[in-house]
Structures are given as C-alpha cells and as structure tokens.
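Engineer: for reference, the sequence and a predicted model appear below.
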Amino acid sequence: MRIGVYPGSFDPVTLGHLDIILRASKLVDHLIIGVLKNSSKSPLFTSEERVKFLEQVTKEIPNVTIEAYQGLLVDFADEKNANVIVRGLRAITDFEYELQLAQTNHKMNPKVDTVFLTTSVEYAYLSSSTVREIASYGGKIEQFVPACIVQSVYEKYNKLRRG
C-alpha cells in the first residue's frame with residue numbers, strides 16, 4: 001500500500017493546499033494530511049481547528065485522513081508507515097529549501113521519498129500568510145480559501161479585535 005503524508009501548518013487551509021491534496025490523493029492509496037503543531041510558532045488557529053477545517057474540505061475524498069503531529073516529519077511518516085512525503089512548490093524560491101528538507105529526511109529515513117507537486121498556476125502566488133494578512137484587514141478572501149471556512153476566518157479576526 002502506498003501511503004503518503006502531506007505536511008503543513010494549514011493556517012488556514014487555502015485553495016492551493018486543496019489543489020495539492022486532490023492531486024496527491026490520486027497518487028497514493030492513502031493520504032494523511034499532517035497538521036504541524038509547532039511550539040515555536042503562534043498560529044492563528046489551533047491545531048484542532050485546523051484539523052476540523054481540513055476534515056470539512058476533504059470529506060468527499062475517501063482516501064484522505066487528517067492528523068495533527070509534533071516533532072520531526074520523518075518520524076511521523078515512519079509512525080504512519082508512509083513511504084512518500086508530498087510537498088507543494090509554488091515558485092523556484094521554494095525549491096532550494098524544500099530540496100534541503102527532502103535530502104535530510106531521506107538521509108534520516110531512506111525508506112521515505114519526497115515527491116514535489118508544482119502548484120497549479122492559478123494558486124502559484126497564494127499562501128496562508130497572504131490570506132491572514134488580507135483577512136486581518138477585513139478584505140475578501142472568498143477566492144483564496146474553501147467556502148466552508150471563510151466565515152470562521154473572519155470570526156477569528158473579529159474575536160481578536162474585540163480582545
């Protein structure tokens with residue numbers, strides 16, 4: 001069985017992420033979306049909220065599951081018996097960093113290979129940080145994130161404004 005892991009912070013999940021998820025789910029028998037709990041970052045959404053968002057947007061994809069994880073990606077992949085790590089590349093600037101990670105992960109666990117999927121052209125500019133920036137000023141994000149999470153993003157910023 002080919003098991004893949006697509007890791008990320010998904011804070012929030014974007015249409016670019018969903019594009020990679022859909023395409024990656026066709027390449028493996030089971031795709032695990034790994035939601036990183038990174039103690040050195042301060043995400044907008046909790047890992048539980050991010051997992052719920054991803055469960056909502058992937059509910060129609062039968063071979064996808066969502067799990068939060070901490071620690072090294074290569075350890076998470078090993079724990080899940082994954083043999084493939086899926087990474088999305090938006091631009092050439094992503095490649096050098098991603099290549100270094102892929103080579104390090106492969107050195108740490110030669111049973112796991114990294115597969116790069118280039119982002120579809122319509123999402124090449126898109127990132128979660130861009131979405132957060134737009135939403136923080138009340139800008140329209142409907143064209144950047146799945147419809148089912150738009151209101152949740154706005155509500156989170158409204159709560160933050162109210163203190």
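Structural biologist: Happy to help now that I have it. Remember, it's a predicted structure, so these values are computed and weren't measured experimentally.
Engineer: quick one: pLDDT of residue 40?
Structural biologist: As predicted, residue 40 sits at a pLDDT of 75.
Engineer: is it in a helix, a strand, or coil?
Structural biologist: coil (DSSP: H, G, I helix; E, B strand; the rest coil).
Engineer: residue 48 is in contact with residue 67, isn't it?
Structural biologist: No: contact criterion CB atoms under 8 Å: residue 48 and residue 67 do not qualify, at 11.5 Å. Backbone N, C-alpha and C define where each C-beta goes, glycine included.
Engineer: can you list the residue ranges for strands in this protein?
Structural biologist: Using DSSP state E, the strands of the chain run over residues 3-8, 30-36, 64-69, 84-89, 113-118.
Engineer: what does the longest one contact?
Structural biologist: Strand 30-36 is contacted by residues 1-10, 21, 24-25, 47, 50-51, 54, 58, 61, 63-70, 73, 76, 80, 82, 86 when judged by CB atoms under 8 Å, 6 or more residues apart in numbering.
Engineer: pull up the pairing partners for it, direction included.
Structural biologist: Taking DSSP bridges as the criterion, strand 30-36 forms sheet pairs with strand 3-8 (parallel), strand 64-69 (parallel).
Engineer: looking at those, which is closest to residue 96?
Structural biologist: Nearest to residue 96, of all the strands paired with strand 30-36, is strand 3-8, at 18.2 Å by CB to CB.
Engineer: residues in contact with the closest one: which ones?
Structural biologist: 17, 20-21, 24, 27-36, 69, 73, 76-77, 80-88, 115.
Engineer: just the buried ones from those, in ChimeraX syntax?
Structural biologist: Here is the ChimeraX selection string for the buried members of the contacts of strand 3-8, based on 16 or more other CB atoms under 10 Å:
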select :17,20,21,24,28,30,31,32,33,34,35,36,69,73,76,77,80,82,83,84,85,86,87,88
